[in-house]
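>>> sequence below, structure please.
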Amino acid sequence: MEHIKLEPTKRSPGIDFDFASGIFSMSGESYPEDVNKFFGPLIGQLKGYLSAARGATIRFSFDLIYFNSTTAKVVMGLFEMLDEAAEAGNTVTITWFFAADDSNMEELGEEFSEDLEHASFEMVPKA
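A predicted model of the protein is given here:
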């Protein structure tokens, strides 16, 4: 699979999906006008990668400043996919970055992590 790198825009997050290294990230703000159009192809490729991964080391970082409720559903789906990949024998680490003074993003990270059973999760406050 080809490396996907999308620069952030005013309404959509920066995306860096490096399938060769197993390192993935999403950063910035996310409230695209058409969530399915923006995330659909990305999720499809990630799902294909994860379903074929065997014994892989996968790292996914979320460094979001703001996202809307439809993006929250996408993020929940990503957490589910990553947890399933960990259950299948891959080493999956999810890192949730948040501004040290942003209790809302901190709480959202904690809530998302509660459903994880197999993937590792780390919260990282930023100064």
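>>> wait, is residue 96 part of a strand?
Yes: the assignment for residue 96, made by DSSP: H, G, I helix; E, B strand; the rest coil, places it in a strand.
>>> flag every buried residue along whichever strand or helix holds residue 40.
Element membership for residue 40, per DSSP states H and E: helix 35-52. Going by neighbour count (16 or more other CB atoms under 10 Å), the buried part of helix 35-52 is 35, 38-39, 42, 46, 49-50. Where C-beta positions appear, they are placed from N, C-alpha and C, glycine not excepted.
>>> put the alpha carbons of it into CSV.
Provided in CSV are the C-alpha atoms of helix 35-52 (Å, rounded to 0.1, in the frame of the first residue of the first chain):
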residue,chain,number,x,y,z
VAL,A,35,-17.0,13.0,6.8
ASN,A,36,-17.6,9.8,4.7
LYS,A,37,-16.0,11.3,1.6
PHE,A,38,-12.9,12.4,3.6
PHE,A,39,-12.5,9.3,5.9
GLY,A,40,-14.1,6.6,3.8
PRO,A,41,-11.1,5.8,1.5
LEU,A,42,-8.6,6.2,4.4
ILE,A,43,-10.6,3.8,6.6
GLY,A,44,-10.9,1.4,3.7
GLN,A,45,-7.2,1.2,3.2
LEU,A,46,-6.4,1.0,6.9
LYS,A,47,-8.9,-1.8,7.3
GLY,A,48,-7.3,-3.7,4.4
TYR,A,49,-3.9,-3.3,6.0
LEU,A,50,-5.0,-4.3,9.5
SER,A,51,-6.9,-7.4,8.2
ALA,A,52,-3.7,-8.6,6.5
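>>> I'd like the next helix or strand past that helix.
strand 57-67.
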